[in-house]
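Asker: need a structure here:
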Amino acid sequence: MVIISNGFSKFHLSVAAAEADRRNTLTCFLTGSYPTPLIRKVLSLPYLRDYPKAQRLASRRERIADALVHPLSRAEVLYTLGQLSHSDSAIAASFRFYGRSAVRYVEQAAKSGARIYHYRSGFGGKSVEVAKRLGMFALCDHASVHPSMSESLVENSGKVRRLGEHESLGELWNTILHDIELADAVLVNSHFAEETFRVAGHGSSPVYVIYLGVDEDFLEHAPPRDKASGEFRLLFAGLFGKGKGVETLMGAFERLKNLPYRLEIAGPLESGLLDRSRAFFSNPQVNYLGLLSRTDLAKAMSRADVFVFPSYSEGSARVVFEALSCACYVITTPNSGSIVEDGVHGNIVSPGDSVLLADAIRSAYDRRDQVSRIGQSNATLVRAKYTQSAYGNQLASLYNELLG
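Answerer: Have a look, this model is predicted:
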């Protein structure tokens, strides 16, 4: 029996909880604000039904029995205030408050026979100490690179290096690192993330890897690919910001002025890049789609030949798996934390290298028939091995292994 603690917002641990509940192994699910039965009634009122924030809250619901869900909403209110004030200290305090609020549910679950506490890094705190004292196995889920490398990867264009002896992580990252160091084991979602733990010198607990799956709802909304289109279409999806390698992306397309392509960009724009990206977005071959619903994102991926994602730092980018499931050929970096192998599912290019990225895009254009075949193979692979259900099966196997 397992307790799963998701933290704030819609995160993959809510999927883990749904899969655990489906297998009758979930004791309780802790999370931030959540659409409980009462909240769902309120959100169904006509003047809230089409309100974007109300829709986002409603979308947090998973296939989990309502009786097992325990929202820690007050902690998320503190988090929102911290975000509005741009205060890392306030955000870290909200994480710690969440951990303290979780203690009573951990104690109750222990009485019901819970043996594993599977918690999101940063949101454990006091509740992890209590769980371990009660004899539970503490499994920390960390969906990114090692905390000591998160900012340096972005600042150094994706190059992995250890934190200097006198460099400070800051209060927020230290809160997350503390949860990692408390754990009996750490779970990450890519071998790239696992490698950053090795480079960082992590040795206090074993590190396991389980790649996330694409949820069935997304797969159902992906339309059949349009075979009649003659355009060479490319897509980037995600935050259009420095950490995603968009300066490398813009540099690459500067070198492709004579290539007949159509590039679509889906996702929010990082404010610091607005001025530098004006010329890029003024290109008539570039179409900015804005922030899309998951249904519309599936449609955009299904009309793209190539998904381009030159990220500097990811735990494991979900959008890459989604693009693969929509039969895209993928050009990315090893830092995206994906399953993409160079020459098998697309191309792997070094982070920060716009020349190599441009060469890979041009090569894909020159081999469009092969790109299409690889894309179809990618869709078959993901739908067979990297679904939400497959993720749940691997997680269940890990739980059994940890309890040994």
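Asker: quick one: contacts for residue 40?
Answerer: 58, 61 (CB atoms under 8 Å, 6 or more residues apart in numbering). Where C-beta positions appear, they are placed from N, C-alpha and C, glycine not excepted.
Asker: Would you mind measuring the gap between the ends of stretch 337-355?
Answerer: In stretch 337-355, first residue to last residue: 21 Å (CA to CA, to the nearest Å).
Asker: ignore the last one, stretch 177-193
Answerer: One end of stretch 177-193 sits 14 Å from the other (CA to CA).
Asker: now swap in stretch 118-128 and tell me
Answerer: 9 Å.
Asker: Check stretch 281-298 too.
Answerer: 22 Å.
Asker: who touches that stretch?
Answerer: The contact list for stretch 281-298 (CB under 8 Å, 6+ apart) reads 217-218, 221-223, 237, 253, 261-268, 280, 300, 319, 322, 326.
Asker: mind running it again at 7 Å?
Answerer: The contact list for stretch 281-298, computed with CB atoms under 7 Å, 6 or more residues apart in numbering, reads 218, 221-222, 237, 261-268, 280, 300, 326.
Asker: For these, which entry has the maximal number of neighbours?
Answerer: Tallying neighbours with other CB atoms under 10 Å puts residue 326 at the head of the contacts of stretch 281-298, with 28 neighbours.
Asker: I'd assumed residue 222 was in contact with it.
Answerer: Yes. Counting by CB atoms under 7 Å, residue 222 is a contact partner of residue 326 at 5.0 Å.
Asker: any shared contact partners between those two?
Answerer: The contact sets of residue 326 and residue 222 overlap at 298, 301-302 (CB under 7 Å, 6+ apart).
Asker: Quick one: neighbours of the nearest residue to residue 179 once chain neighbours are set aside, just the number.
Answerer: Distances taken as CB to CB, 6 or more residues apart in numbering place residue 124 nearest to residue 179, at 4.1 Å, with adjacent residues excluded. By the criterion of other CB under 10 Å, residue 124 has 31 neighbours.
Asker: picking up where we left off before, just the shared contacts of residue 326 and residue 222: which are in helices?
Answerer: Among these, the ones falling in helices (DSSP state H) are 298, 301-302.
Asker: can you map out the helices along the stretch 51-200 of the chain?
Answerer: In the stretch 51-200 of the chain, the segments counted as helices under DSSP state H, counting those that start in this stretch are 52-58, 73-84, 88-101, 103-111, 126-133, 150-155, 171-182, 191-199.
Asker: hang on, I meant the stretch 251-400 of the chain
Answerer: Applying DSSP H, counting those that start in this stretch to the stretch 251-400 of the chain gives helices spanning 274-281, 294-302, 318-325, 354-366, 368-385, 388-403.
Asker: Just the mean pLDDT for the second one, thanks.
Answerer: Right, the one you point to is helix 294-302. Mean pLDDT, computed over helix 294-302, is 93.
Asker: and it, how far out from the chain's middle?
Answerer: 17 Å (CA atoms, centre = their mean, to the nearest Å).
Asker: OK, contacts around residue 169?
Answerer: Applying CB under 7 Å, 6+ apart, the residues contacting residue 169 are 147-148, 177.
Asker: Kindly indicate the member of those residues with the most neighbours.
Answerer: If you rank the contacts of residue 169 by neighbour count (other CB under 10 Å), residue 147 sits at the top with 26 neighbours.
Asker: Now do it, the pLDDT please.
Answerer: Reading off the model, residue 147 has pLDDT 94.
Asker: TSV for the helices of the stretch 51-200 of the chain, including mean pLDDT?
Answerer: Formatted as TSV, those follow (pLDDT from 0 to 100):
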stretch	mean pLDDT
helix 52-58	84
helix 73-84	95
helix 88-101	97
helix 103-111	97
helix 126-133	98
helix 150-155	89
helix 171-182	96
helix 191-199	95
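Asker: so which of those gets nearest residue 37?
Answerer: When those are compared by CB to CB, helix 52-58 sits nearest residue 37, at 12.3 Å.
Asker: Are there helices or strands packed against the closest one, and which ones?
Answerer: If contacts are counted by 3 or more CB pairs under 7 Å, 6 or more residues apart in numbering; DSSP states H and E, helix 52-58 sits against helix 37-43.
Asker: quick one on the thing from earlier: I figured the residue nearest to residue 179 was touching residue 99, is that so?
Answerer: Yes. Counting by CB under 7 Å, residue 124 touches residue 99, with 5.5 Å between them.
Asker: Determine the number of other residues adjacent to the closest residue to residue 72 other than its chain neighbours.
Answerer: Sequence neighbours aside, residue 101 is the residue nearest to residue 72 in space, at 4.7 Å (criterion: CB to CB, 6+ apart). Using other CB under 10 Å, residue 101 is surrounded by 19 other residues.
Asker: One more: residue 308?
Answerer: Residue 308, neighbours per other CB under 10 Å, totals 29.
Asker: which ones are touching it?
Answerer: 234, 236, 249, 331, 361.
Asker: Check it and give its pLDDT.
Answerer: Looking at residue 308, the pLDDT reads 98.
Asker: Name whatever forms a beta bridge with it.
Answerer: Judged by DSSP bridges, the bridge partners of residue 308 are residue 331.
Asker: From residue 152, how far out is it?
Answerer: Separation of residue 308 from residue 152 (CB to CB, to the nearest Å): 24 Å.
Asker: which regions of the stretch 251-400 of the chain sit below the pLDDT cut-off?
Answerer: Across the stretch 251-400 of the chain, nothing is flagged by pLDDT under 70.
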